[in-house]
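Undergrad: using only what follows, build the 3D model:
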Amino acid sequence: MYNNKADKMKLSIVFLMLILVVTTSCSKSELPEENITATTFVSSEDYNETEMEIFSLVNNYRLNNGFSQLKYNYQAKEYTQNHNTYMISKDEISHDNFAQRSSELSVDINATRVSENVGRNFTSAQGIFEAWLASESHLKNIEGDYDETAISVSTSADGTLYFTQVFIK
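TA: You can find the predicted model right below:
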């Protein structure tokens, strides 16, 4: 049915926009119209729908609360994927080896500051996003003075979802 990557990308963008419309309900009295901005990935070929939705949820939250939109850093995605693989191997969430990841990001992409949010056992982007908003330390990262982000959602052999998002300045 879809013969090329461009058709798949268009379908992904339409699907993402549909998700945003369904999961976001704001009346004019609740939120000024000019603050509601949808965000999309440039390419969805290597990113699953949950990752794209988290990216959009975080950016829409930031924009609606006076923070700048984050750009997606494709180079940093490898670090989030590797950390999910590590957490799956340990069967636990952790920030183990964060100092090393941060240091490597400083060298590889010239990051001056890095933070991360992790999680597991949530079944949706909305679920992990709401949990991060309810946590003071995770919310601080979402609202922090960062310019870029990368996100990975990985599934363990037993079907558990693991989440890692890095925030980069």
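
Undergrad: Provide the secondary structure category for Tyr146.
TA: coil (DSSP: H, G, I helix; E, B strand; the rest coil).

Undergrad: now do it against Val58, distance only.
TA: Plainly put, Tyr146 is 10 Å away from Val58 if you go by CB to CB, to the nearest Å. No exception for glycine: its C-beta is placed from N, CA and C like everyone else's.

Undergrad: overlap of the contact sets of the two?
TA: Residues touching both Tyr146 and Val58 (CB atoms under 8 Å, 6 or more residues apart in numbering) are Leu70.

Undergrad: and those two? Which one has more around it.
TA: Val58 (26 against 21; other CB atoms under 10 Å).

Undergrad: I'd like the distance between the nearest residue to that one once chain neighbours are set aside and Glu116.
TA: Leaving out its chain neighbours, the residue that sits closest to Val58 by CB to CB, 6 or more residues apart in numbering is Ile142, at 5.8 Å. Using CB to CB, we find Ile142 at a distance of 11 Å from Glu116.

Undergrad: for Glu78, same thing?
TA: Taking CB to CB, one finds Glu78 at 14 Å from Glu116.

Undergrad: tell me which of the two has more neighbours.
TA: Between Glu78 and Glu116, Glu116 has the larger neighbour count (other CB under 10 Å), namely 20 against 13.

Undergrad: pretty sure the more buried one sits in a helix.
TA: No: checked against three-state DSSP, Glu116 lies outside a helix; its state is strand.

Undergrad: tell me which residues touch it, please.
TA: Each residue near Glu116 by CB under 8 Å, 6+ apart is listed here: Thr80, His83, His95, Phe98, Arg101, Asn141, Thr164, Gln165, Val166, Phe167.

Undergrad: what lies in contact with the helix or strand encompassing Val107?
TA: Assigned by DSSP states H and E, Val107 belongs to helix 98-109. In this structure, residues lying in contact with helix 98-109 by CB under 8 Å, 6+ apart are Asn73, Gln75, Ala76, Tyr79, His83, Ala111, Thr112, Val114, Glu116, Val166, Ile168.

Undergrad: fine by me, we can end here.
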